[in-house]
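Chemist: Sequence and predicted model, in that order:
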Amino acid sequence: MGLKVDLSVSLGSLKLRNPVLAASGCFGFGDEYSPLVDLNLLGGLITKAVSLNPTPGNPPPRVVETPCGMLNSIGLANPGLKGFLREKLPFLRSLTVPIIVNVAGGRLWEYVEVVKGLDKEDGVDGYEINISCPNVEKGGMEFSSDPKIAFKLVSSLRKVTSKPLIVKLSPNLGNIVPVAKVVEEAGADALSLINTLIGMAIDVRTKRPILARGTGGLSGPAIKPVALALVWKVAQAVEIPIVGVGGIFTSEDAIEFILAGSTAVQVGTANFVDPQTMPKIIEELRDYCVQEKIKRISDLIGGLEYG
Amino acid sequence: MGLKVDLSVSLGSLKLRNPVLAASGCFGFGDEYSPLVDLNLLGGLITKAVSLNPTPGNPPPRVVETPCGMLNSIGLANPGLKGFLREKLPFLRSLTVPIIVNVAGGRLWEYVEVVKGLDKEDGVDGYEINISCPNVEKGGMEFSSDPKIAFKLVSSLRKVTSKPLIVKLSPNLGNIVPVAKVVEEAGADALSLINTLIGMAIDVRTKRPILARGTGGLSGPAIKPVALALVWKVAQAVEIPIVGVGGIFTSEDAIEFILAGSTAVQVGTANFVDPQTMPKIIEELRDYCVQEKIKRISDLIGGLEYG
Amino acid sequence: MIQTKALVLGTQRLGPLFYRLKLKAPSISSLAQPGQFVHLKVDEGYDPLLRRPFSFHHTDPSQGCFDLLIKLRGKGTRLLSQKSPGEELDLIGPLGNGFPLPHSGQSPVLVAGGAGIAPLFMLAERLTSARGNLFFWGAKRKEEIFLRDEFSSLGWRLEISTEDGSIGYRGLVTDLLQAYLSKAKDNCLIYTCGPWGMLKEVARLSGQNHLPCWVSLEGNMACGVGACWGCAVRCKVEGKLGYRRICKDGPVFSAEEVIWD
Amino acid sequence: MIQTKALVLGTQRLGPLFYRLKLKAPSISSLAQPGQFVHLKVDEGYDPLLRRPFSFHHTDPSQGCFDLLIKLRGKGTRLLSQKSPGEELDLIGPLGNGFPLPHSGQSPVLVAGGAGIAPLFMLAERLTSARGNLFFWGAKRKEEIFLRDEFSSLGWRLEISTEDGSIGYRGLVTDLLQAYLSKAKDNCLIYTCGPWGMLKEVARLSGQNHLPCWVSLEGNMACGVGACWGCAVRCKVEGKLGYRRICKDGPVFSAEEVIWD
Ligand SMILES: Cc1cc2nc3c(=O)[nH]c(=O)nc-3n(C[C@H](O)[C@H](O)[C@H](O)COP(=O)(O)OP(=O)(O)OC[C@H]3O[C@@H](n4cnc5c(N)ncnc54)[C@H](O)[C@@H]3O)c2cc1C
Ligand SMILES: Cc1cc2nc3c(=O)[nH]c(=O)nc-3n(C[C@H](O)[C@H](O)[C@H](O)COP(=O)(O)OP(=O)(O)OC[C@H]3O[C@@H](n4cnc5c(N)ncnc54)[C@H](O)[C@@H]3O)c2cc1C
Ligand SMILES: Cc1cc2nc3c(=O)[nH]c(=O)nc-3n(C[C@H](O)[C@H](O)[C@H](O)COP(=O)(O)O)c2cc1C
Ligand SMILES: Cc1cc2nc3c(=O)[nH]c(=O)nc-3n(C[C@H](O)[C@H](O)[C@H](O)COP(=O)(O)O)c2cc1C
Ligand code: FES
Ligand code: FES
């Protein structure tokens, strides 16, 4: 079949050669997976969260398998802004794919400092602002559970960078739409949906929670239906692009998210199960477009037929 | 082993011979499963939702499998109060186990009418008030998403019945604790946690949602970690008993919920997968207690060791 | 209705998309009627989670056995195709109402589309008095047609259509039926099973010709026993628009009862 | 580090709780070092979801093969025990750092608890110059002790303890170690693998006797390649409390590095 398919999509000013990104925390800083995967095939790479100061993370156990999913309470373990610049960025810079740094913080000014500290750096192509991590005491969820605080955070960041700002929202909210709208209004270029759901597992022999912190974040195929429903809902409420994430393991999963209104998708837990997931999905998206005679994958975005 | 184990637990004035109940909507009105299961073994049976008027339910498809779960949009299909009294109650009355009627409505007064209409009936041992169904336009979620409305509903019901009132809450809320507290204050005897999570599945060939209504309620093992985390959280905030539900398929699952603070548990989706699930769990709970030298299963409630 | 373990006796490939699964479960085998089905757990564990419904395709109660005829669709049907003799499957059955048998004087005509052959073959086996009658079977292509020896030994006249014309009439099975009915048979009783669009057309042709017609429907199921109302299909219920359960009120319905659009 | 398919050559029961899984994957086999592990996908599908880590137990690079020694625990290890020759498993390996070999003059002493035998057996195979040295192995009961012929042909002196005394010394393997160390061996180098409580005691005894000690740790893993920080273990890191990854910085650590309480 001679059809040339255009897989590229845009998140604000950020152009991706294909819509498949590595999800934050599920692909480290790229280097760990480079022996197994040709990173330059990806649409982009979102780093593990970077906070201002080095963060050791939570006590173990930090992960446990659940039915079709896993819980994690990594606790944003990361080398901090300086450590990132010194140890991680040089490798990332050597790649030809867009690098999006996932930014986390305990206080508003910490987010601002991290973005400021990264903004002049070559090789940082955008930010994913993590206001939705269920595994830290401060920050994280707080910022996304109150629209006013979310507005303030995003507008403060908007002032210090002109690079693409993607804001990652939590599914652990009653109604996600008000926060999504406020974040859009504050100048975000895109939204990532969703972070993990709060979950728990108990060891019936020891009568203790399996994760040292009690609860953790649920990811994997188990949460796909929840993520998809939220993407669909938010896509009808905002104009900015959405990056869908949650249980994407196959190209069909990716297409479901795109049809529901995602411009791009992220692959998280699936990388642990099969590091070849992203290259496979990209290849199969191309095949799907050829079969369905879709010239540009961007024509599929929000293409759900309903009602 | 000669140890005699006491599996009985109490939900307010309702005494159950064991803590395993059939979840609403997942065991019909009992009769459908009676050829396969000895219903009198159960701790209790919660009926499919009963509304004031007969409800045909939603257009098909109404169910679809998802990873370790399923989505449903049954839409509270039921024969209505009169149909229930005429067609379903006589059979239920013939059983020796407590019958809890799951009550749904579009408006506050409809809930009140249903409870009034059932209250004098022999064979109705309590109510589970469904203020958490994601699959109907009116009622359902509304009642649980606003603490004030939830308070009004439960106190109105409290006035018309002295039978046990169990209120079933939705996981699709940001913070479930305020509603839980308000419902307790309004006089509920117990809380059921959780109803289904909102989810979606898309057919990539037809580009349409698989469920005719777009979204549906996610149940099954996939949601167990979420249910468990909510039970644990609410158990620390209220005094009244909690009935845990969400992905319980094995006796270990049931014990996890009991340790997290459930007084009783409900088995839903598992009945579809294996109708023997409830009798098996009851048997295995007994074995577990013998092994662990626990005389009364009620000693396990909230027995999680943490911190 | 019984829940029991069935022993896998073997699987047999019938072309690229179909296979026959031979099972042994005497209690089920002796009760099974054409048009009824079993609801079976494909595998231990949670993936796939729900049971899968399959019609009885052939029974041999004297041996305590029965066959399912399965078309490869997704995960569940693929896993089933890989079962080895000696494995066990948990199943519930017989479920559903089954095909009502013809009254004396009625002349049954069977119309199958694709995998719809599964229950109709068993019906053909039971309707021994209908030898010489017509069995229409439509498929996409030659490779999806099989069982021809079985049909000839049953004594039914098999008329085949394929969409690509690789065997039999080129076109839809409903074209064959239409042609046949145009030569009018007043005492015909039509039985049909297959994809929705085909059933709808068979229902239309039957109605047009004032012939009674039994359709066997498929739909996503959860419980399979009538408890969850997950398998609802829009029907005329006591004159009004309502729903019926495929698993319990069906899978066989009168074509007139079903709301087709 | 390679991701590849491994061919199942067979499984072999070793008592009620253990079995050996023989795999063929030449690229992996030739790279494997004692103490390293593979991360493997037990089954297609989502249940179980995550890969499972297993240490190399024995390698035969000339044949492109290697063995895993697996203790039945949950779903994953049960499914693996049911694999048939000819099936394929997706695996990633070799992973982790492996055991540092002894310096000349150091006399290795190996201490295994339960399934901890798996990697230590391969280490014993490689340390041919240590023939005659001591290998301590503790288990619950007789049925969990096997491989005795293999040990005698390797030339190691196997000292066994069981908790119920059904074979060897009755008590804990650390009692045996303690007794041995009390007769002091200044040039001992201890290697150990087993449950956390046992490792902690071995670490304590080593410290007390000022002996170097390598421990191989287990812990829940997600990625297995160092990316997720899910397998963290509390360690002294540059003098401070910190975390190390079992999969990447380990699974072998110096006993002094690990924070045991
Ligand atoms: C009463 C009845 C009798 C049937 N008899 C036969 C038969 O004899 N031979 C045969 O090949 N098939 C038959 N089917 C269809 C068969 O049940 C589906 O093809 C099968 O469930 C698909 O499973 P899967 O895991 O391979 O597909 P998937 O597409 O992976 O299944 C995903 C989900 O969709 C459901 N599903 C998908 N397609 C169908 C369908 N057409 N009908 C019902 N559920 C579906 C599955 O049950 C499952 O829950 C029958 C269906 C019904 C309702
Ligand atoms: C580096 C390393 C090497 C290992 N080598 C061996 C070996 O050679 N032989 C052997 O029998 N076992 C070994 N183990 C332990 C083995 O990985 C677990 O027993 C196995 O994962 C249990 O899987 P399951 O599905 O049967 O158990 P389940 O309890 O059902 O597993 C549930 C989850 O817990 C995890 N889990 C449970 N127990 C352990 C454990 N002890 N360590 C790590 N994860 C666990 C599983 O990976 C899974 O995610 C090793 C572990 C590690 C970390
Ligand atoms: C081990 C692990 C670590 C994660 N760390 C982060 C993180 O640092 N920042 C963040 O925004 N999301 C983090 N996430 C969430 C993922 O990026 C993703 O939103 C979530 O896992 C759902 O997608 P999935 O089901 O494909 O994994 C983490 C998830 C996992 C499983
Ligand atoms: C098909 C189906 C129908 C349901 N109908 C009702 C209902 O009528 N009323 C109600 O309160 N909950 C209803 N539920 C929710 C269940 O009672 C239960 O809360 C939920 O399924 C989670 O438990 P599970 O994972 O064990 O199924 C229904 C669930 C399913 C799957
Ligand atoms: S599948 Fe449950 S009622 Fe038919
Ligand atoms: S398992 Fe992911 S870092 Fe070790």
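Modeler: It's in. Ligands and ions are numbered 1, 2, ... in the order given.
Chemist: Okay, whichever residue of chain C sits closest to ligand 1 and ligand 5: tell me how far apart.
Modeler: Proximity of chain C to ligand 1 (C-beta to the nearest ligand atom) peaks at C:Gly74, 2.0 Å away. Backbone N, C-alpha and C define where each C-beta goes, glycine included. Using C-beta to the nearest ligand atom, to the nearest Å, C:Gly74 is found at 18 Å from ligand 5.
Chemist: Just give me the neighbour total for that residue.
Modeler: The tally of other residues near C:Gly74 (other C-beta atoms under 10 Å in any protein chain shown) stands at 10.
Chemist: just for the stretch 151-261 of chain C, where's the confidence low?
Modeler: The stretch 151-261 of chain C contains residues with pLDDT under 70 at C:184.
Chemist: How about it: which residue is closest to ligand 2?
Modeler: For the stretch 151-261 of chain C, the residue closest to ligand 2 is C:Ala222, as judged by C-beta to the nearest ligand atom, at 26.7 Å.
Chemist: Now for the residue of chain C found nearest chain A, how many residues are close by?
Modeler: Scanning chain C for the residue nearest chain A gives C:Tyr46, at 5.1 Å (criterion: C-beta to the nearest C-beta). Close neighbours of C:Tyr46, defined as other C-beta under 10 Å, add up to 25.
Chemist: Can you tell me the SS state at it?
Modeler: Look at C:Tyr46: counting by DSSP: H, G, I helix; E, B strand; the rest coil, its state is coil.
Chemist: And it, how close does it get to chain B?
Modeler: The gap separating C:Tyr46 from chain B is 5 Å, by C-beta to the nearest C-beta, to the nearest Å.
Chemist: Okay, strands next: where are they in the stretch 201-307 of chain A?
Modeler: Here the stretch 201-307 of chain A has its strands, by DSSP state E, counting those that start in this stretch, at A:202-203, A:208-209, A:215-219, A:242-245, A:262-267.
Chemist: Same question for the third one: list its buried residues.
Modeler: With burial defined by 16 or more other C-beta atoms under 10 Å in any protein chain shown, the residues of strand A:215-219 counted as buried are A:215-219.
Chemist: So what are the sheet partners of that strand and their directions?
Modeler: Partner strands and pairing direction for strand A:215-219 (DSSP bridges) are strand A:69-72 (antiparallel), strand A:197-200 (antiparallel).
Chemist: Among those, which comes closest to C:Lys200?
Modeler: strand A:69-72 (40.1 Å; C-beta to C-beta).
Chemist: all helices of the chain, in order?
Modeler: Since no chain was named, I'll use chain A. Along chain A, counting by DSSP state H, helices occupy A:80-83, A:89-93, A:108-119, A:141-145, A:147-160, A:177-185, A:224-235, A:251-260, A:270-273, A:277-291.
Chemist: hmm, I had chain C in mind actually
Modeler: With DSSP H as the criterion, chain C has helices spanning C:26-31, C:75-81, C:117-126, C:148-154, C:173-182, C:196-208.
Chemist: what's the fifth one in contact with?
Modeler: Outside helix C:173-182, the residues that touch it by C-beta atoms under 8 Å, 6 or more residues apart in numbering or on different chains are C:109, C:111-113, C:134, C:136-138, C:159, C:161, C:169, C:188, C:190, C:194, C:198, C:201-202, C:205, C:209, C:211.
Chemist: Can you turn the buried part of the residues you listed into a PyMOL selection?
Modeler: Buried members of the contacts of helix C:173-182 can be picked out in PyMOL with the line below, counting by 16+ other C-beta under 10 Å:
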select buried, chain C and resi 109+111+112+113+134+136+137+138+159+161+169+188+190+194+198+201+202+205+209+211
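Chemist: related to what we said a few turns ago, mind checking which of the helices of chain C is nearest A:Leu21?
Modeler: Closest approach to A:Leu21 among these is made by helix C:75-81 (27.0 Å; C-beta to C-beta).
Chemist: give me every residue that touches the closest residue to A:Ala235 other than its chain neighbours.
Modeler: Distance criterion C-beta to C-beta, 6 or more residues apart in numbering or on different chains; nearest residue to A:Ala235, sequence neighbours excluded, is A:Gly261 at 2.6 Å. Each residue near A:Gly261 by C-beta under 8 Å, 6+ apart is listed here: A:231-232, A:234-236, A:242, A:244, A:301-302, A:304.
Chemist: Good, wrapping up.
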